[in-house]
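[1] I'll drop the sequence and a predicted model, then ask my questions.
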There are 4 protein chains.
Amino acid sequence: MKKIKIGLIGLGRIGKMHLQNLANLRDLFEVTAICDPYSAELVELAKQFNISYTTKDYRDLLKHPDVEAVAIASATNTHAEIIMAAARAKKNIMCEKPIDTDVARIKEVLKVVADSHVKLQVGFNRRFDHNFHTIQKAVASGKLGEPQIIKISSRDPEPPSYDYIKVSGGLFNDMMIHDLDLIRFLSQSEVTEVYAKGAVLVDPEIGKLGDIDTAIVTLKFANGALGVIDNSRKAVYGYDQRAEVFGSKGQAFSENDKLSNVEIDLEDGGHLDKIPYFFIERYQQAYVAEFKEFYNCIVTDHQPLVTGLDGLRAVQLALACHQSLIAKSPVQLEY
Amino acid sequence: MKKIKIGLIGLGRIGKMHLQNLANLRDLFEVTAICDPYSAELVELAKQFNISYTTKDYRDLLKHPDVEAVAIASATNTHAEIIMAAARAKKNIMCEKPIDTDVARIKEVLKVVADSHVKLQVGFNRRFDHNFHTIQKAVASGKLGEPQIIKISSRDPEPPSYDYIKVSGGLFNDMMIHDLDLIRFLSQSEVTEVYAKGAVLVDPEIGKLGDIDTAIVTLKFANGALGVIDNSRKAVYGYDQRAEVFGSKGQAFSENDKLSNVEIDLEDGGHLDKIPYFFIERYQQAYVAEFKEFYNCIVTDHQPLVTGLDGLRAVQLALACHQSLIAKSPVQLEY
Amino acid sequence: MKKIKIGLIGLGRIGKMHLQNLANLRDLFEVTAICDPYSAELVELAKQFNISYTTKDYRDLLKHPDVEAVAIASATNTHAEIIMAAARAKKNIMCEKPIDTDVARIKEVLKVVADSHVKLQVGFNRRFDHNFHTIQKAVASGKLGEPQIIKISSRDPEPPSYDYIKVSGGLFNDMMIHDLDLIRFLSQSEVTEVYAKGAVLVDPEIGKLGDIDTAIVTLKFANGALGVIDNSRKAVYGYDQRAEVFGSKGQAFSENDKLSNVEIDLEDGGHLDKIPYFFIERYQQAYVAEFKEFYNCIVTDHQPLVTGLDGLRAVQLALACHQSLIAKSPVQLEY
Amino acid sequence: MKKIKIGLIGLGRIGKMHLQNLANLRDLFEVTAICDPYSAELVELAKQFNISYTTKDYRDLLKHPDVEAVAIASATNTHAEIIMAAARAKKNIMCEKPIDTDVARIKEVLKVVADSHVKLQVGFNRRFDHNFHTIQKAVASGKLGEPQIIKISSRDPEPPSYDYIKVSGGLFNDMMIHDLDLIRFLSQSEVTEVYAKGAVLVDPEIGKLGDIDTAIVTLKFANGALGVIDNSRKAVYGYDQRAEVFGSKGQAFSENDKLSNVEIDLEDGGHLDKIPYFFIERYQQAYVAEFKEFYNCIVTDHQPLVTGLDGLRAVQLALACHQSLIAKSPVQLEY
C-alpha cells in the first residue's frame, strides 16, 4: 500500500491534532513537511514526529518535492489563498471548514480546484462520526423510505471567548455551519428555505457583541422534506450532538455517546456517565476517519465525501440563516 | 373518603374509555348517570356498569339529583353549550378538548364558568403522562434552570379518515393542539410568536382536501425561550411521543415507551420491542390520572392542572399556526 | 362473550388486589361471592364492589350456585384443602402460590384436581409480565436457538418482617420460588441439579432467625443448559427484576421498568427515574394478565400457562436449594 | 515530561498492536528496540516505526543501553524466563497474561521481581476498560456500600481453533482467567471458594478435545460477598462483555458498547447497532490505557494497577475452577 506524503499547514489546536492523527495513520500517510508562520513549537514538533522539513511559508512547503498532498488548518482567512496555491501546485487538499466566508471567493476557489483536477476535501468531520454516518447509511440504503423530517440538536458545553465571537461571523457561521452541512448530508437534498430564530439566553455580553447564543432554524428541502436545527452555546451537561431522520418507512436517531455505558442505581434513581466534553474528544474517531477517507479518495480516485461544493453550500446556508434572523422572515435559497 | 357522583355525557370511543376508567376508580367516583343522544349501547352499558339512570338529553342528566359533576365526551360542537349548561347547574366539569373552535365562543364559556364558581378541567391528557409530567416536575423544581429550548415530536401511527380530515379543522387544530398545550405546560410561559411550515408528504389526498400531513412549528415564548414542534400523520413504527426541555442548568427528555424493556441481540444487531400503537394504549395511565386530578381539585378546592384558560390558549395557538402557514410568515400572538 | 361467575377466597393484600382486578375485568368476570374468615372489611368490600354474597366459610362459597370458578388468596397452609374442596365441587381454580410447602401433599392435591377435570392455575404472576413473557416468546419461537445460559436477578426492595421470616420457610421458599418457576418457564426444560450459596449480608438478625438474605443458585437443565439466579432481600434502589436467555442464535434480556422514560442530564451526568417499588406496582399488568389467561383457558378449554405441575416443581426446586445450602454441595433432582 | 525508552519482545498479533499503541503514545514512550525470534516482519516493522535496533534474542535487547523498560508479548511459556531476566537487568516490565501456568513458577518469578525492585505490570487489560473501570471507581468510592453480589458475563464471538484449544489449558485458563481477575478487581476481596459448572453446548469437537465451551462459576469472597461468572465460547451477536456490582447502597452495571448509538425504528420495532467484534476492537481504549498506567506507575513510583500478585491469583483461581469442574464439588482456596 502506497503511503501518501503529506504536508500540514497550520499548527494550532486542530493542526496539532491532525498531526497526531496523521502520524498514527502511518500505514496511509507520511508527514513530510509542516508549516506555521507563528508557532513557537514548529521545530519541537518536527523533532517529536520525526519530520525533516519545516517552514514558516506555505509556498515553500508546496514546492517541496516530497509533498503530494496538503492538510490545511491555518487561519480561516488564509484558506482560500492556500487552497488555490495548492491546487495550482497539483496537490490534493484536505482543508478545514470553511473554505472562506465570502461566497464569491469560494466560487473562485472551486473553479481553480476544478481546473487543477485535484481533490479537495472540506473538514466537515461530523459526516465521519460513527453515529451520523450510521444514520446516513440508513437513509442512503432506502431503509427509512423518503426522508420527511430531519432534526439536529447541537449544543456546545460553553461559549467561545468574546474575542472569538467578535470575529467569528456569528453563531450561524461559526457553529451551526456544521449542522447545516450535516443536515444536507442526512437529507440527501438541497435546502430551499430557512427561517431562523435566535435569542440571547446564555450570556447578555454575547448579545452586546451583536451575536446570539441560542437558535432554532427551520428548513425546507428540495425533495419536500422539512428540517430543524437547534443550537445553544452552553449545555452544562456537555457537548450535545444528536440527529434524527424520520422517513416514510421508519426513523433513525442517535443518542449522545457517554464516557461509559455504566448505569449506577442508587436510592434516588439511576445515574449515567457524562458525555465527552467537546469536539476533540467527541469526534476523535471522526477526525481520524476523515483522513482515511481523504486517503481513499486519492488512491481510488473518487470524489471526497465532503466536496468543495459542500463547503460552498454550508456557507450559503449560514448566510441565509443570518439574513433570516435580521429580516425576521423566511429566506428562499437558489443556487 | 367521599365519592363524587358523576354523570358522563357522550359515549363514543373516548366516552366509553372514560366510563371504564371512572368505574375502575370506584374509590373516587360513582357514575350515576350516562347520556348519549345516538348510542345504541346506552342501556347495555348502564347494565354492564350498574348505572341506574340513562338519558338521551344532557339537560335531563344535569337535573338529576345524584349528579355532582359531569364528564363531557360528546361531539366537539356541543362542548360549549353543555359546559355552560353544566356550569349554570353548578356541576364541576371535566370536558374533552377543545372547548370550542371559536375563540369568542370559548371566552363566553369561560365567563359563564367563572361566574358559576365551578371547576372546569379540559382533557389535555398528556399533561398527566408519566413521562411528560416528570419533565414538567423537573422544570418546575428549578433543576433545569431557566428553560431555553423546548422540543416536542408527536407523530401518529396513521392518518385519520378523509371524512375526519374534511371536518377536523386541519392538522394544527386536530393534532398539534395537544402539543401546543403541552409545550405551554413544559415551558411555563406563554407563546408570543409562531412560524409554521407544513407539507404533504404522507398522502396527496390529504393535500387535495386542503390539509397538510407533516409540520414543523417554531415558537417563541414570553420568557425568551424558543420551541419547536414536529408532527407527522404517519409514523410506521407507531405513535411517537417525545418531549425535551433544555435549560440553563440541564435538560430533561423522554424516550418513547415500549411494549417491553427487552433487548434481543442477534447476529444482525440488537432488536427492541415496538411502541404502543396509539393514544388509547399510550396514554392509558394518563387518562386515569386526569380523573384522579379532577377528583382532587374538587375535594381540595384547587385549580385543575388544565384550566379553561389553557383550553383557550391551545385553540388560539392552533389558529395562529394555521394563519402562519397560509401567510408563509411568522405570526405574533397577543392575548 | 360469556362472563365467568367467580368467588374470591381470602381478602388480605393480594386478595383485595385480585378483587379490584377482577372487578375491572368486568367483560370477563363477575365476582359473585367473597369469603374471608377474619377480614373486618368483608361487608364493606361486598358493598363497594356490588357483590351480593359474603361468607366466612369457604365451603359455603363453594356451594353457592352462582360460583363457577374460584380465586384463592387465603393463607398458604389452607391452599391444599381449599383447592381439593373446590376441585371436588367442580370449580375451576386460580390459586396463589405455593399450592403447599409439602411435596406429598401437593401431589395429593394434583391427583384430586386431575380426577375432577377442572382447571388449576397457580399464581406465578411473573410468567405474565410483559418483559419475561416477551423473552419466553423469543425462546419459544426458536429465534434464540437452543437455550444455553439462563440468568435471573431478583432482589426485593426490603426484607419482610422478622415474624414473616420465622414462618416463611426461608428465602428459597418464600422468595426464590418465583425465580425457580420463571427459570423453568424461560428454559423450557427441567432442572436436574442445583447448587446454592447463601449469605447473611443485609441484616444479621435474619441470620439469627436461621435464614439467609443473599443467595446465588447455579442450575443445570435436562437439555444441557446452565442457569443462575441471584437474590437479595434488600436492593436500596428498588425491586430489581431482570432475566436473560442466551442461546445458540442470540440472546434476549430485560431491563428493569422505570417510573418514567425520562433522562435528565445535569452537570454531573445523566439521571434516570426510579424503578417501581415492589411487586404490586411492578407486576400490576401481570396480575391482570393472569386472570385474562385464566378466563381464556376455561372458555377455550386449554391448559393454564401455569399448571399444578409447575406449582409442584417450584416447591421441589426450593427444597433442593435449601438442601444444597445445608449440605454445601450440589443436589441432583429426579422427579 | 521524560519519555521512557522501551523495548518490545514478541511481535505476534498482540505485540504488533502494542507496537502501534506505544508509537502513538509518543509523549510517553520511545520504542527503541524490538525483538522476535520468528517474525519475518521484524525489519519491516522497525523501518515503519523508525526503530533503530532489532534482534531475535531478547537477551540482546535487555543489554541495549537505550532500553529502560520492556513490554513482553511473546509466547506464554517464555514469560517467566523473560520477566526474570528483565527484572535482573533492572528493567520495568509490562507482561501479557499469564505470567506462567504453574503456580510455583509464578511465585519464583515474583520473588525475583521483588528482589530486583522493578515494576511488573500484568496485562489484564479489562481493568483499564472505560466501563469496568467506572464500576470499580464506584465500588472504591464507597458509593455502592459493601459489595454483596458481583456478576460478570463474558462471551466470545467464536471459539478459538482446535489447535489452540489443545494447548490452551482449557476455558478457565485461556478465557475465564480475565474474568477471574476482573471479579477480584471489582469485589476488592479475595476469592475463598469456587464452584464450577461446565458444558459442551457450542461444538461437540471441543468436548472431544477435553475442554468445555460454556461455564458458570459461583464464587465466595473473603468479605462475605458472592459472585458469578458466565462464559460462552460463542455469542453469535458478538463479544459480550458485561459486569455488575450490587452493594448495600446500590448497584453499578455496564451494558455492551455498540458500534454506534443509533436506534432505527421500523414497522417491526427498534433496531440497534452491533457490538464490536472481538477484544482488539472492544478493548482498543483499554490497551492504550494500560500503557499510560505503566508509564505513570514508573514515573511516579507507585504499584501498577495489576501487580504480579494479581497475575498469580488469577492463575490460582483458574486452576481451582478446573479442579471444581472435575470434582463436581466446591473448592476452597487458601493462599
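    Received, thanks.
[2] list phi and psi for the spatially most distant residue from the centre of chain A.
    Taking C-alpha atoms, centre = their mean, the residue of chain A most remote from its mean C-alpha position is A:Glu267, at 42.3 Å. The phi and psi torsions at A:Glu267 (degrees, to the nearest 10) take the values phi -60, psi -30.
[3] spatially central, which residue of chain A would that be?
    A:Phe124 (2.6 Å).
[4] that residue touches A:Leu180, doesn't it?
    No: using C-beta atoms under 8 Å as the test, A:Phe124 is too far from A:Leu180 to be in contact (9.6 Å). No exception for glycine: its C-beta is placed from N, CA and C like everyone else's.
[5] shared neighbours of the two, anything?
    Between them, A:Phe124 and A:Leu180 share these contacting residues under C-beta atoms under 8 Å, 6 or more residues apart in numbering or on different chains: A:Ala314.
[6] before we move on, back to that, and the residue farthest from the centre of chain A, what is it in contact with?
    C:Val236, C:Tyr237, D:Lys249, D:Gly250.
[7] now with 7 Å, please.
    C:Val236, C:Tyr237, D:Gly250 (C-beta atoms under 7 Å, 6 or more residues apart in numbering or on different chains).
[8] report the contact partners of the residue nearest to the centre of chain A.
    A:Phe124 neighbours (C-beta under 7 Å, 6+ apart): A:Lys97, A:His178, A:Asp181, A:Val306, A:Asp310.
[9] nearest to chain C: which residue in the stretch 51-200 of chain A?
    Using C-beta to the nearest C-beta, the closest approach of the stretch 51-200 of chain A to chain C is made by A:Pro157 at 9.9 Å.
[10] quick one: contacts for that residue?
    A:Ala235, A:Gly238, A:Tyr239, A:Tyr277, A:Phe278 are the contacts of A:Pro157 under C-beta under 7 Å, 6+ apart.
[11] how much space separates the fourth one from chain B?
    Distance check for A:Tyr277 against chain B: by C-beta to the nearest C-beta, to the nearest Å, it reads 16 Å.
[12] what does the second one give?
    In this structure, A:Gly238 lies at 10 Å from chain B, with C-beta to the nearest C-beta as the measure.
[13] likewise for the third one?
    As for A:Tyr239, its distance to chain B is 13 Å (criterion: C-beta to the nearest C-beta).
[14] so that residue touches A:Ile280, yeah?
    No: the pair A:Tyr239 / A:Ile280 is not scored as a contact, 9.6 Å apart, by C-beta atoms under 7 Å.
[15] of those two, which one has the most company?
    Taking other C-beta atoms under 10 Å in any protein chain shown, A:Tyr239 and A:Ile280 do not tie; A:Tyr239 has more neighbours (22 against 13).
[16] OK, contacts around that one?
    Contacts of A:Tyr239 by C-beta under 7 Å, 6+ apart are A:Asp156, A:Pro157, A:Ile275, A:Pro276, A:Tyr277, A:Phe278, A:Phe279, A:Arg282.
[17] what about A:Asp268, how many residues nearby?
    Residues near A:Asp268, counting by other C-beta under 10 Å: 11.
[18] leaving out the residues flanking it, which one is nearest to it?
    Counting by C-beta to C-beta, 6 or more residues apart in numbering or on different chains, A:Asp268 lies nearest to C:Lys274, which is 7.6 Å off, once chain neighbours are set aside.
[19] need the contact list for the residue nearest to A:Asp240 when sequence neighbours are not counted.
    Once flanking residues are discounted, A:Asp240 sits nearest to A:Arg155: 4.0 Å by C-beta to C-beta, 6+ apart. Neighbouring residues of A:Arg155 by C-beta under 7 Å, 6+ apart: A:Asn231, A:Ser232, A:Ala235, A:Asp240.
[20] okay, the first one and A:Ala199: tell me how far apart.
    Relative to A:Ala199, A:Asn231 is positioned 11 Å away (C-beta to C-beta, to the nearest Å).
[21] show me the common contact partners of these two, please.
    With C-beta under 7 Å, 6+ apart as the test, A:Asn231 and A:Ala199 both reach A:Thr214.
[22] which one of these two is surrounded by more residues?
    Set A:Asn231 next to A:Ala199 and count neighbours by other C-beta under 10 Å: A:Asn231 wins out with 25 against 19.
[23] that one reaches A:Asp156, doesn't it?
    No: using C-beta under 7 Å, A:Asn231 makes no contact with A:Asp156, being 8.1 Å away.
[24] which neighbours do those two have in common?
    By C-beta under 7 Å, 6+ apart, the residues touching both A:Asn231 and A:Asp156 are A:Met175.
[25] for chain A, which helix is longest?
    When chain A is parsed with DSSP state H, its longest helix is helix A:308-327.
[26] so for the helix or strand following that helix, mean pLDDT?
    Once helix A:308-327 ends, the next helix or strand along the chain (criterion: DSSP states H and E) is strand A:331-332. Strand A:331-332 shows a mean pLDDT of 98.
[27] strand A:331-332 and chain B, any residue contact?
    No: counting by C-beta under 7 Å from any C-beta of the partner chain, chain B has no neighbours in strand A:331-332; the shortest distance is 10.2 Å.
[28] where does that strand sit relative to the chain's centre, distance-wise?
    Strand A:331-332 has its C-alpha centroid displaced from the chain centroid by 24 Å (C-alpha atoms, centre = their mean, to the nearest Å).
[29] all strands of the stretch 151-300 of chain A, in order?
    With DSSP state E, counting those that start in this stretch applied, the stretch 151-300 of chain A shows strands at A:191-199, A:214-221, A:226-232, A:240-247, A:250-254, A:262-266, A:269-272, listed in chain order.
[30] could you say which of these is packed most deeply?
    Across the strands of the stretch 151-300 of chain A, averaging neighbours per residue (mean count of other C-beta atoms under 10 Å in any protein chain shown) puts strand A:226-232 on top, at a mean of 27.
[31] for that strand, which helices and strands make contact with it?
    strand A:147-155, helix A:177-187, strand A:214-221, strand B:147-155, strand B:214-221, strand B:226-232 (3 or more C-beta pairs under 7 Å, 6 or more residues apart in numbering or on different chains; DSSP states H and E).
[32] note down every partner strand of the fifth one and its orientation.
    I take that to be strand B:214-221. Here strand B:214-221 is paired, per DSSP bridges, with strand B:191-199 (antiparallel), strand B:226-232 (antiparallel).
[33] out of those, which gets nearest to D:Asp211?
    strand B:226-232 (54.8 Å; C-beta to C-beta).
[34] report the mean confidence score over that closest one.
    Mean predicted confidence for strand B:226-232 is 98.
[35] looking at stretch A:168-188 now, give me its mean pLDDT.
    97.
[36] what comes into contact with it?
    Contacts for stretch A:168-188 (C-beta under 7 Å, 6+ apart): A:97-98, A:101, A:124, A:126-127, A:132, A:135-136, A:139, A:147, A:150, A:152, A:154, A:156, A:160, A:190-191, A:211-213, A:215, A:217, A:219, A:221, A:225, A:227, A:229, A:231, A:243, A:245, A:310, A:313-315, A:317-318, A:321-322.
[37] please consider this matter closed, and thank you.
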